[in-house]
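[1] pasting the sequence and the predicted coordinates here, then a few questions.
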Amino acid sequence: MQQSIIAVTLALLLLSACKGRSGHEGSKDSGLQFSVDTAELKHMDSMRVAERRTDSILQQRADSAPGINAGAGRFIINVPRGWRRVDTLLGVTRAVVIDTASVNSGFRTILSIVGDSLRGRSVDDYMNGTINSFVQYVPEFSLIGKGERTFGSRPGRWLHYTQNREGMELEDICYLIPDKGIVYIVTCSALKGRLLASRPAFEEVVTSFTPGN
């Protein structure tokens with residue numbers, strides 16, 4: 001199910017890029033007149049009802065997909081000062097998203113956490129499968145480096161890579177933290193060349209990560 005992790009990664013990048021764009025450009029005329037369109041309001045209300053139904057369906061699907069949601073929400077993390085945490089559903093995958101409130105060149109620096117079942121594999125096998133999936137599905141994926149890192153008493157892995165999302169060059173560090181048959185995927189993403197500037201905040205989250213909450 002590592003393709004689902006790829007889908008989450010791409011969805012998060014699109015989300016962070018979209019959230020960085022203002023929807024109010026060009027609204028500088030202080031003389032605008034406003035009126036209430038009752039029909040439009042009713043239409044918006046019906047759309048919200050449909051969205052709630054969609055959310056309910058996704059929730060049910062997420063509940064029926066425990067493998068790709070293994071460990072979801074069962075961990076403790078610190079949120080850096082000035083950053084925001086959102087627990088959300090991306091497709092049928094539960095994710096924790098931590099991002100900056102400020103926008104840099106149309107992109108919010110972002111960290112995401114999802115969980116997956118190792119299904120009896122070693123963390124090295126999972127990492128190699130992740131790299132193969134990135135090569136196949138992530139636009140202009142380029143692996144910079146990989147290695148080992150200990151998270152408390154847990155021997156984990158890391159990947160450092162770049163990618164291009166709709167003309168936006170990004171740099172990422174992905175940590176794989178295994179615990180009791182589950183692998184937690186912590187992905188830190190920033191604009192290419194600006195990863196180091198956010199590294200202290202990323203490290204605050206990563207070093208505070210404690211599974212089993």
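    On my side now, so go ahead.

[2] immediately after whichever strand or helix holds residue 89, which helix or strand?
    Using DSSP states H and E, residue 89 maps to strand 83-90. Using DSSP H and E, the helix or strand that follows strand 83-90 towards the C-terminus is strand 93-100.

[3] remind me what the following helix or strand past that next one packs against, helices and strands.
    Counting by DSSP H and E, the element after strand 93-100 in chain order, helix or strand, is strand 110-117. Counting by 3 or more C-beta pairs under 8 Å, 6 or more residues apart in numbering; DSSP states H and E, the packing neighbours recorded for strand 110-117 are helix 2-19, strand 93-100, strand 182-191. C-beta coordinates here come from the backbone N, C-alpha and C atoms, glycine included.

[4] pLDDT on the next helix or strand along the chain from strand 110-117, on average?
    Scanning forward in sequence from strand 110-117 by DSSP H and E, the next helix or strand is helix 123-137. Mean per-residue pLDDT for helix 123-137: 91.

[5] in helix 123-137, what's buried?
    Across helix 123-137, burial judged by 16 or more other C-beta atoms under 10 Å covers 123, 126, 127, 130, 131, 133, 134.

[6] of all those residues, which comes closest to residue 105?
    Closest approach between these and residue 105, by C-beta to C-beta: residue 134, at 23.5 Å.
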